[in-house]
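Chemist: Kindly return the folded structure for what I paste below:
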Amino acid sequence: MQYVKRSLDFAMRRIGEERFLVPLGAQVSHTNGLVLLNATGLYIWDLLEKRRSREELVCAVEARFEVSRERASEDLATFLSQIQCIGLLEQ
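Modeler: Numbering: from 1, shown residues only. Here you go, the predicted structure:
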């Protein structure tokens, strides 16, 4: 089973009503700008404070947003893939 956790190289910041992830330290030179999170992304980011399995995350998204398991799994896979590409995940 694969577990994921958010990187400590990014900090959450609020600008107006928006939530952004801001790169810290060495990540500043590797990341092109800020990362804007929608409500789902913010919820998943909060869950990723602790190491979690993809199954745990799918179940949490399914319950919180009242979507099908298939939809939760697809959306989670897309989100994790995107944030992994820019160094936001530890594995």
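
Chemist: For this protein, which segments count as helices?
Modeler: 27-30, 39-47, 54-65, 69-85 (DSSP state H).

Chemist: OK, contacts around the residue most central in space within the chain?
Modeler: The chain has Trp45 as the residue nearest its centroid, 3.9 Å off, counting by Cα atoms, centre = their mean. By Cβ atoms under 8 Å, 6 or more residues apart in numbering, the contact list for Trp45 reads 6, 12, 21, 37. (Each C-beta comes from the backbone N, C-alpha and C, glycine too.)

Chemist: And the pLDDT at the residue lying closest to the last one once chain neighbours are set aside?
Modeler: Yep, that's Leu37 we're talking about. The shortest distance from Leu37 to any non-neighbouring residue, by Cβ to Cβ, 6 or more residues apart in numbering, is to Arg19 (5.0 Å). Arg19 is assigned 94 on the pLDDT scale.

Chemist: Quick check, Arg19 in contact with Leu34.
Modeler: No - in this structure Arg19 lies outside contact range of Leu34 using Cβ atoms under 8 Å: 10.0 Å.

Chemist: out of the two, which sits in the more crowded spot?
Modeler: The neighbour count for Arg19 versus Leu34, taken as other Cβ atoms under 10 Å, is higher for Arg19 (18 against 15).
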